[in-house]
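**Q** sharing a sequence plus its predicted fold:
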Amino acid sequence: MKMRHAIVCVGLISAVAAIAAGARGADAWVTVEPEEFEEAINNPLKGFRAHHSNGYGLIERRYIGWNSIELSAEDTVERIIAHTNAITRRGDKCFGELNVKLVPRVYLDWDGTLGTAKRPKQHWPADMAEFDYDSPAFQERLEQLIAKLGQAWDNDPRIFAIQMGLIGYWGEHHNPAPTKAQRRLLAGAFQKAFKNKPVLVRHTDAEFMDAGFGIYYDTFAYVGREPPDGDRHQFPWQATHVYRDIWKHAPIEGEVEYNWQKERRDADPEGTFGRTPDETMMVPAYRRYMIDKIRRYHASYLGWISGYTSDDPAVLEGAAELQKAFGYRFVIDSLSYPETCQPGGNLPLQMVVRNTGSAPFYLDWPVAVALLDPQTRKPVWSAPLDGVDVRRWLPGEDWDSDAFAYRVPAKQYEASGSAQLPSDLRDGEYILAIGILDRQGGMVPSVRFAIRNYFSGGWHPFGFIGVSAPPRDTALKDVFFDSPAFDRTLSYHVPEELLAVRPPPAPKISPVSRWEPDPRVELINPWRYWTLVRRSDKIEKRVSADGPLEGPAGRRVLSVVGDFGRGSNLSYTFFNRGKLDPGRYRFSCRVKGTPGLTVRFDVADGWRSVINGVAVPLSPQWREHQIEFDIKATFENETRLRFGLPAEASGEFHLTAPRLRKIDED
């Protein structure tokens, strides 16, 4: 911690304290207008998505392989809790001691490859067929796991939000994307499982937006995806033109893609945010660009950019500018309270608050009032105020990049609440203070307001109050305040019953062997997905289990329905970025669909076609097709089998029983 952050006393009170008009006594009120604290505050649930012991960052994101928390369908929620215990530690301290919160993401497939024994990249439970995203059995397991996650995490004080994950590479809902039916299942299951924690998704699919979910966006602020020219299916365009109010319901977060900044020709690092987190912090123009995007999209926190060097004073100074822009920042313009209160009576408060940050506060944490001992500054009594909801304190809206301000500024919120005093409260003088408590973490002070009135430990003092008689003076004369920027005394409580959970015994497992290809028998995994590459917003992939033939390949029907657009296709890739060796092959399948339409089968090296496409006409009945083709040279990239869909047409295409084998030595 740098010296400017190590200062314990930041100055005498400069707030205005006045007795309301009228004689002092039971009906007199005190109004205090505190001075704003201008520096950044290392508050929870916002900022940089990495814990920095000497900088800003109180959030950690963890990837969790499905098979690390569930070995089979018979496994119990205790395995999830035990794993959570293991990953919510840093050295000899748990997240509660560090005041750090976790955002978990469960996933199955890292990047389509096998990985190594030490670092595996596939995380399917032993009783599940790998890559079987489409079967009814998989959908059932999805619902069961999500219910267990809710049991484990919805009331765990260490958890801030949940990244949905589960489907596709890195749990980012591509390769494959969830189908419409799957999105409905996921939305319903997560809504049911998580009543207290926000749920975040990768894409702005209607089913997820209607459910009120937030976003984790993996290329935040990347210029190639920004409006007006960026992909209209990506978050920036959608948040600008379609779902403008996502941020009002759940957090916006993600990561800053520094690899793309270094590798992509359209990245423009000098004109955007540089090539490394430290560059972003050090260069004023880079910081301004990033703050512009944080403000525009109402971002609460970000990763990758969080890898800045916090022990470099110049870097930390730049990080402070971003920290102020991230998430919420509550400024109290005035607070009023009665000069005198009575044991057993009601203690009312009125305050005027502005959120000068970029996002709301998303958890139902209460504002509490406390009476502090003037000598120790510790609470003699405290209680939540009824009628005050911090989630309603919204920031400004409609960001203007040129003016570098919201066109609709942050409004002043008038909040009133009260709490009942204990009947055995001793008469005397106390310091009236308020704080925002961590509801699930033991109801302890956590969030700091952006005002100079602060005592270490989480309470903001405003003046003296008398119990049973007026105080000698309400003003906090000659009282020094602590800095709210960094308060390492703050922590939260994790119940012992959670910390005591250990991994349960392994359940009964009926393992499913990994499917292995045999070029002479079969090269297409009957459980593996086919990916729909969409060039239309009115097209969807559907999956059913009513095919005409027995066996997993023959019973599963892959359907593409809707407006095909121009360039849409249904494609299959081989596990571990597999490639077809040179030779002659026979592909067979059964298809049907809208009469008069024709799909086109081809084989691609990556995205480049390497054989002449073969026309496959559609009809109302299932028809079998066999296609032979030659691979003449070793592929540079992974092999794709593709069905190109007819351009500028609408209809249906159904595929079942796709098979492939090598025949050049038959």
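**A** Done, it's in. Residues are numbered from 1 along each chain as shown.

**Q** would you confirm that T531 contacts A177?
**A** Yes: assessed by C-beta atoms under 8 Å, T531 is found in contact with A177 at 7.5 Å. For glycine as for every other residue, the C-beta is placed from the backbone atoms N, C-alpha and C.

**Q** tell me which of the two has more neighbours.
**A** A177 (23 against 18; other C-beta atoms under 10 Å).

**Q** ok, that one to P517 distance?
**A** 25 Å (C-beta to C-beta, to the nearest Å).

**Q** A177: which element?
**A** In this structure, A177 sits in neither a helix nor a strand according to DSSP states H and E.

**Q** so it makes contact with Y133?
**A** No: assessed by C-beta under 8 Å, A177 is found out of contact with Y133, at 9.7 Å.

**Q** what is in contact with those two at once?
**A** I167 (C-beta atoms under 8 Å, 6 or more residues apart in numbering).

**Q** now A647: closest residue in space that isn't a chain neighbour?
**A** R566 (4.4 Å; C-beta to C-beta, 6 or more residues apart in numbering).

**Q** should've said M209
**A** Computed as C-beta to C-beta, 6+ apart, the closest residue to M209 that is not its neighbour in sequence is Y243, at 5.1 Å.

**Q** G583 too?
**A** Excluding the flanking residues, the one nearest G583 by C-beta to C-beta, 6+ apart is D664, at 4.3 Å.

**Q** same deal with M290?
**A** F273 (4.9 Å).

**Q** ok, S468 next?
**A** Using C-beta to C-beta, 6+ apart, the nearest residue to S468 is D427, at 4.2 Å.

**Q** burial count for the one you found?
**A** Neighbour tally, D427, other C-beta under 10 Å: 10.

**Q** phi first, then psi, for it.
**A** phi -60, psi 150 (degrees, to the nearest 10).

**Q** that one reaches I465, doesn't it?
**A** No: with contact defined as C-beta under 8 Å, D427 does not reach I465; the gap is 11.8 Å.

**Q** circling back to that earlier point, am I right that the residue nearest to M290 sits in a helix?
**A** No: applying DSSP: H, G, I helix; E, B strand; the rest coil, one finds F273 to be coil, outside a helix.

**Q** could you list the low-confidence segments of this structure?
**A** Low-confidence segments of the chain (pLDDT under 70): 1-26, 665-666.

**Q** can you show me the helices along it?
**A** 3-6, 66-69, 77-87, 95-98, 136-153, 180-193, 206-210, 235-241, 258-263, 277-282, 284-297, 313-325, 496-499, 552-555 (DSSP state H).

**Q** buried stuff in the fourth one?
**A** Neighbour-count burial for helix 95-98, with 16 or more other C-beta atoms under 10 Å as criterion, is recorded at F95, G96, L98.

**Q** parallel or antiparallel, which strands does the longest strand seen in the chain pair with?
**A** If you go by DSSP state E, the chain has its longest strand at strand 650-662. Partners of strand 650-662 in the sheet, by DSSP bridges, are strand 557-563 (antiparallel), strand 583-593 (antiparallel).

**Q** other residues contacting the shortest one?
**A** By that I understand strand 557-563. Under C-beta under 8 Å, 6+ apart, the answer for strand 557-563 is 134, 530, 532, 536, 538-547, 568, 570, 645, 649-656.

**Q** quick one: distance of it to the chain centre.
**A** Here strand 557-563 is found 31 Å from its chain centre; the criterion is C-alpha atoms, centre = their mean, to the nearest Å.

**Q** before we move on, what about stretch 344-359?
**A** With C-alpha atoms, centre = their mean, you get 28 Å for stretch 344-359.

**Q** now swap in stretch 593-606 and tell me
**A** Distance, centroid of stretch 593-606 to centroid of chain: 38 Å (C-alpha atoms, centre = their mean).

**Q** list the buried residues for that stretch?
**A** G593, T594, L597, V599, R600, F601, D602, V603, A604, D605.

**Q** same deal with stretch 283-291?
**A** Neighbour-count burial for stretch 283-291, counted by 16+ other C-beta under 10 Å, picks out Y286, R287, Y289, M290, I291.

**Q** save the residues you listed as a markdown table, and put in distance to F635 too.
**A** Shown next, in a markdown table, are these (distance: C-beta to C-beta, whole Å):
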| residue | distance to F635 |
| --- | --- |
| Y286 | 40 |
| R287 | 44 |
| Y289 | 40 |
| M290 | 40 |
| I291 | 45 |
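
**Q** of the residues you listed, which is the nearest to Y216?
**A** Y216 has its nearest neighbour among the buried residues of stretch 283-291 in M290, at 17.3 Å by C-beta to C-beta.

**Q** how about the contacts made by the closest one?
**A** If you count contacts by C-beta under 8 Å, 6+ apart, then M290 has A221, V256, F273, T280, I305, L322 around it.

**Q** quick check: it vs A221, distance?
**A** Taking C-beta to C-beta, one finds M290 at 6 Å from A221.

**Q** which residues do those two both contact?
**A** V256, F273.

**Q** what's near enough to touch K378?
**A** K378 neighbours (C-beta under 8 Å, 6+ apart): L372, G457.

**Q** near K508, how many other residues are there?
**A** The number of residues near K508, taken as other C-beta under 10 Å, comes to 10.

**Q** got the phi/psi numbers for it?
**A** According to degrees, to the nearest 10, K508 has phi -70, psi 130.

**Q** nearest residue to it other than its sequence neighbours?
**A** K508 sits nearest to E74 (C-beta to C-beta, 6+ apart), 5.5 Å away.

**Q** with distance to D487 as added columns, please give the buried residues of helix 95-98 in CSV.
**A** Shown next, in CSV, are the buried residues of helix 95-98 (distance: C-beta to C-beta, whole Å):
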residue, distance to D487
F95, 16
G96, 15
L98, 12
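
**Q** from those residues, which single one is nearest W381?
**A** When the buried residues of helix 95-98 are compared against W381 (criterion: C-beta to C-beta), the nearest one is G96, at 24.3 Å.
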